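A.B. asks: give me coordinates for this.
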Amino acid sequence: MSKAVFSLQKSKVFQRAVMFAVINPQPNGAGFAGVKSNVTFGDVDGREGILLQCRGQGSLKYWKVVLTDSEFLGLTKLYTYEAKFPVNLDSEDFETVRLPFSEFKAFYRGQ
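C.D. replies: Purely as a prediction, here's the structure:
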């Protein structure tokens, strides 16, 4: 069984989140661990996307951000909008990842 933990750290100086995941892959190599957190973006008019400061460790070469629109929660067909991106595992420095809203793709049940 795979596990993941997401912890939000806030202080007067900074705000960051830490995600820790342990993946137990299936015999075919497939594995998944994720965390769901409700985040309100407020007014996104005029915004181009999401900016992340992240640092990968271990062997998770790709991360994915999944967005849902709260307007559609509770409906029988819930679409998500997903953007997958590579993470540099060879550096101990944080990297900046830009995820334009135009690069998010619509999915229904992961397809």
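A.B. asks: where does the residue nearest the centre of the chain land in three-state SS?
C.D. replies: With distances taken as Cα atoms, centre = their mean, residue 65 lies nearest the centre of the chain, 2.9 Å away. Under DSSP: H, G, I helix; E, B strand; the rest coil, the three-state class of residue 65 is strand.
A.B. asks: now it: closest residue in space, sequence neighbours ignored.
C.D. replies: Spatially, and ignoring its direct neighbours in sequence, residue 65 is nearest to residue 83 (5.2 Å; Cβ to Cβ, 6 or more residues apart in numbering). Quick note: C-beta positions are derived from backbone N, CA and C, even for glycine.
A.B. asks: contacting residues for the one you found?
C.D. replies: 50, 64-65, 99, 103-105 (Cβ atoms under 8 Å, 6 or more residues apart in numbering).
A.B. asks: please repeat the previous calculation with a cut-off of 10 Å.
C.D. replies: For residue 83, the contact set (Cβ atoms under 10 Å, 6 or more residues apart in numbering) comprises 49-50, 63-67, 97, 99-105.
A.B. asks: and if you look at residue 78?
C.D. replies: By Cβ under 10 Å, 6+ apart, residue 78 lies in contact with 68-69, 72, 107-109.
A.B. asks: can I get these in a markdown table including pLDDT?
C.D. replies: As requested, those are arranged in a markdown table below (pLDDT from 0 to 100):
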| residue | pLDDT |
| --- | --- |
| 68 | 81 |
| 69 | 74 |
| 72 | 66 |
| 107 | 87 |
| 108 | 80 |
| 109 | 73 |
